[in-house]
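**Student:** Provided below are the primary sequence and the corresponding predicted coordinates.
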Amino acid sequence: MSENGSSASVGQDFEKKLDESDKSIASFNVKATSPFERIQHVLHNNPTLVPVIVLMLSLVVFGLIAGGKFFSAFNLSLILQQVSIIGILAAAQSLIIITAGIDLSVAAIMVLMSVVMGNLAVFMGVPTVLALFVGMAGGVGAGLMNGWFITRIKLPPFITTLGTWSIFYALLLWLSGAQSIRGQDIDTNAPFLKFFGESFNIGGARITLSAILMILVFLALWYMLNKTAWGRHVYAIGDDKEAAELSGIRTDRTLLSVYGLAGFICALGGWASIGRVGSISPQSFYEGNLDSITAVVIGGISLFGGRGSIMGALFGALIVGVFRSGLRLSGVDVLWQVFAIGWLIIIAVAIDQWIRRVSA
């Protein structure tokens, strides 16, 4: 064989070996994924999918257990009514948790502002619209107070809001004298305070304006978090605050706006709660803080911040409502209803931890 022919043969053999080597490397780098890993990736990319699936399964299970009365238009609309106020609180709580914080004062702000609005409009003769404005401004101020301690004094959100919860709760007891404002007094002097208690019927379903308000709040926050630069900054802070600062985000200003907005939503919930309950009680929604956190956690928003959809909190609130309604119609004691919700929280956090372990 000629020298040229020998060289060509050697070159072809070398290229063939290279091709085989490339194929072996490629096959080595491609990691076979199991069905569970594929599910893990899907849930990581679609965090709202978990609460949606749980909600659908809950409806099916309780529909089978409790019978046709569970799926009646009246019962389904009643669930929506019952979760409306907690859902609004959960919307405010979600904003804070997405930034890797937590707010233990949301319910206290809500009830305090309802007491402020009620005292001004019912007992002091202040025009209802002005009383509402003062209440909304007070909610913003309370939220900014939390944000100031966290961003300026650098206190942990948990400790800060635990302290302000006591402050706000003491203030509402002082302003109310630990006495409720009766529904008759509201009807006589400031009936507009009960605006969100109005309802209308659709095919046997009784829809209240407070439920519509809850949905509108979630839609507005979804748009703000997903379609604006502010929303991207909020998620960036929750994911890694130091990295967000290095990228040029004014983290303290953004956090102040988050806490101020959360306070406003709480005050809005205070107005809606007057119509929902029909009166103003300093003892109402005492467990609202825990209920709001429950809805957020079950809704798939990570307690570690930076991950989750605001709509998940809405589905989380609905899941809690469905569980309580289904268990009640099934004749389950209230004690075991609380027991079931506790397990829901633990399972939700466990699923969140599992999803977070997905490789990027």
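**Tutor:** Nice, thanks for sending it over. Numbers count the residues shown, from 1 in each chain.
**Student:** quick one, phi/psi of Ile207?
**Tutor:** Main-chain dihedrals, Ile207, degrees, to the nearest 10: phi -100, psi 120.
**Student:** isn't it right up against Phe196?
**Tutor:** No: using C-beta atoms under 8 Å, Ile207 is not in contact with Phe196; the gap is 11.7 Å. C-beta here means a position set from N, CA and C on the backbone, and glycine is covered the same way.
**Student:** between the two, tell me which one has more neighbours.
**Tutor:** Phe196 (24 against 16; other C-beta atoms under 10 Å).
**Student:** and that one, what does it touch?
**Tutor:** 208-210, 213, 271-272, 274-276 (C-beta atoms under 8 Å, 6 or more residues apart in numbering).
**Student:** biggest separation within those, which pair?
**Tutor:** Thr208 and Trp271 (13.2 Å; C-beta to C-beta).
**Student:** who's more crowded, the two?
**Tutor:** Trp271 (27 against 21).
**Student:** and the gap between that one and Ala121?
**Tutor:** 11 Å (C-beta to C-beta, to the nearest Å).
**Student:** what is in contact with the two at once?
**Tutor:** Counting by C-beta under 8 Å, 6+ apart, the residues touching both Trp271 and Ala121 are 132, 193.
**Student:** could I get the full set of strands for this protein?
**Tutor:** 199-202, 205-208 (DSSP state E).
**Student:** and among those, the most buried is which?
**Tutor:** Sort these by mean neighbour count, taking mean count of other C-beta atoms under 10 Å, and strand 205-208 sits at the top with a mean of 17.
**Student:** sheet partners, orientation included, of that strand?
**Tutor:** In the sheet, strand 205-208 lines up against strand 199-202 (antiparallel) (DSSP bridges).
**Student:** just the helices in the stretch 251-360 of the chain please.
**Tutor:** For the stretch 251-360 of the chain, the helices defined by DSSP state H, counting those that start in this stretch cover 251-277, 288-298, 310-329, 334-356.
**Student:** can I get the strands of the chain in TSV including distance to Asp252 and mean pLDDT?
**Tutor:** Converted to TSV, these look like this (distance: least, C-beta to C-beta, whole Å; pLDDT from 0 to 100):
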stretch	distance to Asp252	mean pLDDT
strand 199-202	42	91
strand 205-208	38	93
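**Student:** where are the low-confidence patches of this structure?
**Tutor:** For the chain, the stretches with pLDDT under 70 are 1-33, 36, 40, 43-44, 356, 358-360.
**Student:** repeat the analysis, applying 50 as the threshold.
**Tutor:** The model of the chain has pLDDT under 50 over residues 1-4, 7-8, 10-11, 14, 18, 21-30, 32, 359-360.
**Student:** Ser114 is nearest to which of the strands of the chain?
**Tutor:** Taking these one by one with C-beta to C-beta, strand 205-208 is closest: 16.5 Å.
**Student:** the closest one: how far from the chain's middle?
**Tutor:** 23 Å (C-alpha atoms, centre = their mean, to the nearest Å).
**Student:** contact partners for the nearest residue to Gly299 once chain neighbours are set aside?
**Tutor:** Leaving aside its chain neighbours, Gly299 sits nearest to Gly316 (2.9 Å; criterion: C-beta to C-beta, 6 or more residues apart in numbering). Gly316 sits next to 51, 90, 294-301, 348 when contact means C-beta under 8 Å, 6+ apart.
**Student:** turn the residues you listed into CSV, columns for distance to Glu242 and neighbour count.
**Tutor:** Converted to CSV, the contacts of Gly316 look like this (distance: C-beta to C-beta, whole Å; neighbours: other C-beta atoms under 10 Å):
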residue, distance to Glu242, neighbour count
Pro51, 30, 27
Ala90, 28, 35
Thr294, 30, 23
Ala295, 30, 29
Val296, 24, 30
Val297, 25, 26
Ile298, 30, 30
Gly299, 27, 31
Gly300, 25, 27
Ile301, 22, 32
Ala348, 28, 23
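**Student:** which of the strands of the chain sits closest to Arg152?
**Tutor:** With C-beta to C-beta as the yardstick, what comes closest out of the strands of the chain is strand 205-208 (39.8 Å).
**Student:** now the nearest residue to Phe62 once chain neighbours are set aside: how far from Glu242?
**Tutor:** In space, and not counting its chain neighbours, Phe62 is closest to Gly326: 2.9 Å by C-beta to C-beta, 6+ apart. Relative to Glu242, Gly326 is positioned 45 Å away (C-beta to C-beta).
**Student:** looking at the two, which has the bigger crowd around it?
**Tutor:** Gly326 (23 against 9).
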